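Chemist: Structure here, sequence nowhere to be found:
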């Protein structure tokens with residue numbers, strides 16, 4: 001007897017799109033079959049007629065419970081929402097797996113950061129979850145609290161153990177982002193050393209890449225000119241910074257043989273740098289955000305401008321079109337949220353280049369907005385839609401094909417999209433946020449059901465899952481094709 005059959009939908013699989021039935025036994029997919037061939041002895045049949053059936057989405061960039069590092073919020077000890085809030089939004093939007101960050105700090109061994117972060121998520125997540133290990137610090141001898149944390153050389157030696165233990169992605173920053181936040185960047189000498197270790201262990205280095213010199217000079221200039229409002233953030237975090245930092249990071253990756261994942265690509269310059277590297281066959285992968293691809297820096301001038309901001313910054317119309325082009329043609333691999341869930345009051349609490357709160361509470365909208373803007377408006381093939389919302393993140397993060405695929409043996413993580421939905425998005429459609437920059441946005445197609453490892457956790461507007469449904473994914477291993485670089489338009 002089968003536990004579940006999803007019948008009559010248009011199913012997106014690794015080998016194509018077709019009218020197939022999907023059979024689930026326990027937590028796994030056991031068959032993708034021709035319609036009507038699975039028999040009638042089934043616990044539940046889900047009628048997916050008229051729906052598009054895709055693998056559960058993967059959110060590769062989330063921050064749950066993060067103490068907000070901005071002046072004002074830091075003094076008030078304000079933190080982003082915990083995993084149960086983020087994961088609730090995720091599953092209600094068709095996403096079944098979240099990748100958060102486990103940050104190292106002085107006095108703790110690198111592998112222990114996973115244990116600590118898992119304690120935050122365990123029994124508090126509606127979705128499955130895993131973590132990027134994060135290295136924070138300048139690395140410069142003689143660092144001070146104002147300048148940053150000195151990275152012990154012994155910490156870098158622990159990187160291979162983390163990768164080989166089943167957490168194949170490690171993150172670093174090349175900037176401190178603002179002049180008032182706690183120091184977090186790592187200098188390029190130490191990034192070089194980390195890349196060598198990540199490459200040798202078969203991992204992927206995730207990078208928040210901005211040029212520290214350009215960013216900090218622009219903050220100084222903007223302060224001197226008295227132009228410090230949110231509306232000037234794109235001048236501090238500009239396209240030149242992305243161009244220089246991406247190309248420098250890519251050059252290091254080329255020298256070390258390290259696969260890298262450049263996070264929140266925001267500019268055409270970043271897309272171009274990635275595309276050039278990929279044409280050389282380098283294992284370089286780019287992530288953008290749906291709001292970067294949809295809005296421009298002009299929205300910063302609105303009274304609610306801070307609601308739209310995530311670091312680095314929104315850019316211009318040509319940059320947005322380059323991001324969509326990259327998503328369509330394979331130059332960019334994934335679309336993420338950089339989710340940092342906080343109430344509208346907190347998000348609007350800063351209005352300057354120093355205290356505007358980054359991150360977005362938009363993980364519920366990610367799959368639906370990408371479908372509307374990518375598939376409906378720009379003709380993105382459904383296979384490519386699955387790549388950028390699920391499959392590529394699964395591959396880069398070492399979870400494929402257990403995650404990110406509708407195939408026998410894969411986890412039964414599914415999302416059903418109703419393509420007939422055609423109306424403005426309403427705030428009341430959402431399940432965790434008290435605001436949305438897409439409220440009123442015309443949507444054409446939206447997730448209506450989410451299945452996590454065979455359990456229906458969201459159906460027609462109702463959350464059916466529990467915070468104990470989510471499990472830690474701790475057996476991640478980078479596939480050879482990720483490490484070897486692009487083949488055709490892979491990624």
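Modeler: Everything's here; your move. Only a predicted model underlies this, so the values are computations on that prediction, with no experimental measurement involved.
Chemist: wait, doesn't residue 11 sit right on residue 22?
Modeler: Yes: look at residue 11 against residue 22 with C-beta atoms under 8 Å: they come within range, at 6.1 Å. No exception for glycine: its C-beta is placed from N, CA and C like everyone else's.
Chemist: which one of the two has more residues nearby?
Modeler: residue 22 (26 against 23; other C-beta atoms under 10 Å).
Chemist: Wait, a strand at the more buried one?
Modeler: Yes: Residue 22 sits within a strand when classified using DSSP: H, G, I helix; E, B strand; the rest coil.
Chemist: burial count for the nearest residue to it once chain neighbours are set aside?
Modeler: Spatial nearest neighbour of residue 22, excluding adjacent residues (C-beta to C-beta, 6 or more residues apart in numbering): residue 6 at 4.3 Å. Applying other C-beta under 10 Å, we find 26 residues neighbouring residue 6.
Chemist: quick one, what contacts residue 6?
Modeler: Contact partners of residue 6, counting by C-beta atoms under 8 Å, 6 or more residues apart in numbering, are 21, 22, 24, 46, 48, 53, 414, 416, 451.
Chemist: Helix or strand for it, just tell me which one.
Modeler: Assigned by DSSP states H and E, residue 6 belongs to strand 2-7.
Chemist: which one of the contacts of residue 6 sits closest to residue 477?
Modeler: residue 414 (23.7 Å; C-beta to C-beta).
Chemist: for the helix or strand residue 345 falls within, the distance to its chain's centre please.
Modeler: Using DSSP H and E, the element containing residue 345 is helix 344-347. On the basis of C-alpha atoms, centre = their mean, to the nearest Å, helix 344-347 is displaced by 22 Å from the centre of the chain it belongs to.
Chemist: immediately after that helix, which helix or strand?
Modeler: Next element after helix 344-347 (DSSP H and E): helix 366-370.
Chemist: Quick one: mean pLDDT over the lengthiest helix in the chain.
Modeler: In terms of residue count, the longest helix belonging to the chain (DSSP state H) is helix 239-256. Rounded to a whole number, the mean pLDDT of helix 239-256 is 98.
Chemist: ok, residues contacting it?
Modeler: 174-175, 188, 191-192, 195-196, 199, 205, 207, 209-211, 214-215, 218, 258-260, 262, 265-270, 272-274, 277, 280, 282-284, 312, 315, 319.
Chemist: quick one: buried residues of that helix?
Modeler: 239, 241-250, 252-253, 256 (16 or more other C-beta atoms under 10 Å).
Chemist: can you check stretch 222-241 too?
Modeler: 222, 228-239, 241.
Chemist: how about residue 299, phi and psi?
Modeler: The phi/psi pair for residue 299 (degrees, to the nearest 10) reads phi -70, psi -20.
Chemist: OK, contacts around it?
Modeler: With C-beta under 8 Å, 6+ apart, residue 299 has these contacts: 305, 308, 314, 437.
Chemist: rerun that using 7 Å as the cut-off
Modeler: Neighbouring residues of residue 299 by C-beta atoms under 7 Å, 6 or more residues apart in numbering: 305, 308, 314.
Chemist: Closest to residue 462 out of those residues?
Modeler: For the contacts of residue 299, the nearest to residue 462 is residue 308 (29.7 Å; C-beta to C-beta).
Chemist: per-residue confidence at the closest residue to that closest one other than its chain neighbours?
Modeler: Nearest non-adjacent residue to residue 308, counting by C-beta to C-beta, 6+ apart: residue 299, 4.7 Å away. Per-residue pLDDT puts residue 299 at 98.
Chemist: now do residue 146
Modeler: In this model, residue 146 carries a pLDDT of 55.
Chemist: what residues are up against residue 237?
Modeler: Contacts of residue 237 by C-beta under 7 Å, 6+ apart are 210, 215, 311, 312, 313.
Chemist: Show the low-confidence segments of the stretch 51-200 of the chain, by residue range.
Modeler: For the stretch 51-200 of the chain, the stretches with pLDDT under 70 are 139-148.
Chemist: can you give me the strands for it?
Modeler: 52-55, 57-59, 95-103, 128-134, 169-173 (DSSP state E, counting those that start in this stretch).
Chemist: Save the contacts of residue 6 as CSV, and put in distance to residue 331 too.
Modeler: CSV is the format used below for the contacts of residue 6 (distance: C-beta to C-beta, whole Å):
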residue, distance to residue 331
21, 35
22, 31
24, 35
46, 36
48, 32
53, 27
414, 28
416, 29
451, 31
